[in-house]
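Enquirer: Fold the following.
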Amino acid sequence: MNRAGTLLLLGAMLLLTGCWNRVELNEISIVSATGVDWHDGIWEVSFQTIIPQAIASQTGGSQTAAVNVFSTKGDIYRTAVSRASQETSRQLFFAHNQIIVVGEEAARKGLGSVMEVYLRNPDARETVNIFLAKGTARRMLEQLVPPEQIPGTAVQRMAKNEEQGSSSFRPMSMHTTMLGLLGGAQAVGIPGLTLAGTGESTDSIKQLGRTWMPSKVRLEQLGLIVGDQLVGWASTEQSRGIMWLSNHIGKTTIGIPCEPDKASPKQTSVRIMKSTTARKPEWHNGKWRMYVDIKVEAVLREYNCSTKLELPRQMDAIEKLIEQEIHKIAMNGWKAVSKHRADVVGFGDLIRKEHPRQWKDIRGEWRELFPQTDVIVTVKANIVSRGRNASSFKKMQEDARSK
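Expert: Have a look, this model is predicted:
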């Protein structure tokens, strides 16, 4: 090798300095969840950090929780975060942060500070899910959620499971939330977390020795955010109507009566296997009209009516009942969002997309115009499977006794 080649090789080797900015695992504290609260003009940021030793020793019957929760305070949000170094011996590592929980008072104060930090922090993950707490965020972070060892992971999986099972709530990532708050209506719906049951905190590993928990973290209600502030809550059932209006229903189960009479109890359940919602805005008689066309495919899961499902007209009657129930749920959701003037269903974005010129004239007053929108919902249901039997089990018993 000539001298020039040798010098070039030596120079390249000098550049291979290895991982100059590496961080050892025993020098970091992995954050699995973050909480944000607002008390008396002060931000309180809570961190749920993982204790690796506790997780590794779980098979040996360890009586140590797998996470630790601590909080810092500051008059500015980022100041509160930076003060974490005063209370922990390790550097906080946010790459595995699963969820961020915002307390109710902090949400009413505004999410602007939280969004600002996430936009500017290179370590922040925009895929992290955001929730609102009915109460304080710290208390939600303190709760153990069996069978998962890490509560932050449990809540994230809970939201995903809910989306696939009931569709009353839609998991909201920081990215999706930012897009909604930067859209035409600047409004989003964020799932709420509450401590259901007796209200007793489940923050001790000793409580996991029982076969039941007196309290548990539950997804409940939908927080309605306008601008960046919480303006109200929609119930879980209203939230499902909101999901139907905004085309976010995947699979869900609904109950229907045997007769169209409003006073009739619900005795039959159907599983919605597929749902699509098409929406079309139109300017009509001095105000906006929104046509909402919902189409669903359903499977009969439980049938306790006296009639047999042998003729097409009998199946048509059940489909009609399904359509009426979905229409009722959707309009119930509309009542919630129109009451709070919160366009979390995206009507404003549709108008901006399809009628850009008219949107420029009304965007400044859309929140006042939104509740005046005429919402016309039509539903078409199709039962793709009724199951093995045409009659209910009780009807089959009656027929057996009469033979």
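Enquirer: so what's the residue most central in space within the chain up against?
Expert: Residue closest to the average C-alpha location in the chain (CA atoms, centre = their mean): Pro171, at 3.2 Å. Counting by CB atoms under 8 Å, 6 or more residues apart in numbering, Pro171 touches 129, 156, 159-160, 163, 191. The way it works is simple: take the backbone N, C-alpha and C, and place the C-beta from them, glycine included.
Enquirer: Now it: which helix or strand?
Expert: Using DSSP states H and E, Pro171 maps to neither a helix nor a strand.
Enquirer: Let me see the backbone angles for it.
Expert: Torsion angles at Pro171 (phi, psi; degrees, to the nearest 10) stand at phi -60, psi 130.
Enquirer: Please report the distance of it from Phe131.
Expert: For Pro171, the distance to Phe131 equals 9 Å [CB to CB, to the nearest Å].
Enquirer: With Val69 instead?
Expert: 16 Å.
Enquirer: Tell me which of these two has more neighbours.
Expert: Phe131 (26 against 19; other CB atoms under 10 Å).
Enquirer: so that one touches Gly192, yeah?
Expert: Yes - the pair Phe131 and Gly192 passes the contact test of CB atoms under 8 Å, sitting 6.9 Å apart.
Enquirer: So, low pLDDT: which residues of the stretch 101-250 of the chain?
Expert: By pLDDT under 70, the stretch 101-250 of the chain has no low-scoring segment.
Enquirer: do that again at 90, thanks
Expert: Along the stretch 101-250 of the chain, the parts satisfying pLDDT under 90 run over 113, 116-127, 144-149, 163-165, 183-184, 197-215.
Enquirer: which stretches of it form strands?
Expert: Secondary structure of the stretch 101-250 of the chain, counting by DSSP state E, counting those that start in this stretch: strands at 129-133, 187-197, 215-226, 229-234.
Enquirer: would you list those strands in CSV and tack on distance to Thr307?
Expert: Formatted as CSV, the strands of the stretch 101-250 of the chain follow (distance: least, CB to CB, whole Å):
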stretch, distance to Thr307
strand 129-133, 44
strand 187-197, 38
strand 215-226, 36
strand 229-234, 36
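Enquirer: which non-adjacent residue is nearest the residue nearest to the centre of the chain?
Expert: Of all residues not flanking Pro171 in the chain, Ala159 sits nearest, at 4.3 Å (CB to CB, 6 or more residues apart in numbering).
Enquirer: next one: Asp374
Expert: Arg289 is the one closest to Asp374 (CB to CB, 6+ apart), at 4.3 Å.
Enquirer: Next secondary structure after whichever strand or helix holds the one you found?
Expert: Secondary structure assignment for Arg289, by DSSP H and E: strand 287-302. Sequence order places helix 312-339 as the next helix or strand after strand 287-302, per DSSP H and E.
Enquirer: So which bits of that following helix are buried?
Expert: Within helix 312-339, the residues scored as buried using 16 or more other CB atoms under 10 Å are 315, 317-319, 321-327, 329-330, 332-334, 336-338.
Enquirer: winner for burial among the strands of the stretch 101-250 of the chain?
Expert: Scoring the strands of the stretch 101-250 of the chain by mean neighbour count under mean count of other CB atoms under 10 Å gives strand 129-133 as the most buried, with a mean of 26.
Enquirer: could you give the angle of that one to strand 215-226?
Expert: 100 degrees (axes from the mean of the first three to the mean of the last three CA atoms, to 10 degrees).
Enquirer: mind checking how far strand 129-133 is from the chain centre?
Expert: 8 Å (CA atoms, centre = their mean, to the nearest Å).
Enquirer: neighbouring contacts of it?
Expert: 35, 98-104, 107, 139-140, 155-156, 159, 171-174, 177, 190-194, 223, 230.
Enquirer: related to what we said a few turns ago, tell me the one among the contacts of Pro171 nearest to Gly135.
Expert: Pro191 (14.7 Å; CB to CB).
Enquirer: OK, contacts around the closest one?
Expert: Per CB under 8 Å, 6+ apart, neighbours of Pro191: 131-132, 159, 169-172, 219, 222-223, 239.
Enquirer: likewise Leu369?
Expert: 287-288, 362.
Enquirer: As CSV, these with distance to Gln53, neighbour count and pLDDT would be great.
Expert: Output for the contacts of Leu369, formatted as CSV (distance: CB to CB, whole Å; neighbours: other CB atoms under 10 Å; pLDDT from 0 to 100):
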residue, distance to Gln53, neighbour count, pLDDT
Lys287, 63, 10, 88
Trp288, 59, 22, 93
Ile362, 59, 17, 91
